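**Student:** coords please:
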Amino acid sequence: MIGIRATAIAGVLLAAACATAPEPVISDAPSTPFDLSGRVLVRYDGRAFSSGLRWQHAAERTEIWLSSPVGTVLAHIIDDGDGAVLTAADERQYRAASVESLTRQALGWELPVARLKFWVRGEVAPGSPPDAIVRGSDQRIARLEQAGWRIDFDHYPAQEYGGLPRRLNLMRGSQEIRLVIDTWRGRVP
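**Tutor:** Next comes the predicted model:
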């Protein structure tokens, strides 16, 4: 099963490697470094993808691992400011100017990392004003509409992880991403 999944991902990566798309415009405002792990479920174009997720974000480098339920790395993504590189399970490498364009080309769906690094902390991403913000009774963001995405923040545990969100649902067009954060490591407010 893992071999079939890895082969399917490699095929999608190879078929889409020639596609191009516009890059997101994000300001140079720094985001707080973090290290998280969890799960991601993506629905797009009548298909679905799910995997484990490990995401290490620092000022100059972001690394993301997408893995199978048994821990096999399906894709390893590195963005160091000079572009993004995805290494698939079969060790093939794919390159693009950003993680957004790389995942769109290689996986068929966009992982909006440039903004998501703010959204996972319950913050508005700099660079484009939000279209709408809905706050809960605790004044934390419950829903955000920004850059064509609608983000629902479903759960802020009061005592864990400095009150950072644990579940985010992102929707844009026919694409939906559900991100469940199981563990925050490192610096948490």
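
**Student:** which element follows the helix or strand bottoming out on mean pLDDT in the chain toward the C-terminus?
**Tutor:** Within the chain, judged by mean pLDDT, DSSP states H and E, the helix or strand with the poorest mean is helix 2-16; its value is a mean of 43. Heading C-terminal from helix 2-16, the first helix or strand you meet, by DSSP states H and E, is strand 34-44.

**Student:** elements contacting that following strand?
**Tutor:** In terms of contacts (3 or more Cβ pairs under 8 Å, 6 or more residues apart in numbering; DSSP states H and E), strand 34-44 is packed against strand 47-57, strand 175-185. C-beta here means a position set from N, CA and C on the backbone, and glycine is covered the same way.

**Student:** quick one: strands adjacent to the last one?
**Tutor:** Okay, so that is strand 175-185. strand 34-44 (antiparallel), strand 167-172 (antiparallel) (DSSP bridges).

**Student:** what comes up buried for that strand?
**Tutor:** Under the neighbour-count criterion of 16 or more other Cβ atoms under 10 Å, strand 175-185 has 175-179, 181, 184 buried.

**Student:** equivalent analysis for the first one, please.
**Tutor:** The neighbour-count criterion (16+ other Cβ under 10 Å) identifies 49, 51-57 as the buried residues of strand 47-57.

**Student:** state the mean pLDDT of the helix or strand that that strand is followed by.
**Tutor:** Next in sequence after strand 47-57, counting helices and strands by DSSP H and E, comes strand 62-67. For strand 62-67, mean pLDDT is 97.

**Student:** strand 62-67 pairs with which strands, and in what direction?
**Tutor:** Strand 62-67 has these strand partners (DSSP bridges): strand 47-57 (antiparallel), strand 73-79 (antiparallel).

**Student:** dump these to JSON lines, plus mean pLDDT and distance to D154.
**Tutor:** JSON lines is the format used below for the strands paired with strand 62-67 (pLDDT from 0 to 100; distance: least, Cβ to Cβ, whole Å):
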{"stretch": "strand 47-57", "mean pLDDT": "97", "distance to D154": "16"}
{"stretch": "strand 73-79", "mean pLDDT": "96", "distance to D154": "25"}
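
**Student:** got a list of what R143 touches?
**Tutor:** 132-134, 150-153 (Cβ atoms under 8 Å, 6 or more residues apart in numbering).

**Student:** helix, strand, or coil at it?
**Tutor:** Assigned by DSSP: H, G, I helix; E, B strand; the rest coil, the conformation of R143 is strand.

**Student:** is it in a bridge, and if so with what?
**Tutor:** Residues in beta-bridge contact with R143 (DSSP bridges): V134, D152.

**Student:** separation between it and S101?
**Tutor:** Separation of R143 from S101 (Cβ to Cβ, to the nearest Å) stands at 27 Å.

**Student:** check S174 too.
**Tutor:** Counting by Cβ to Cβ, the gap from S174 to S101 is 18 Å.
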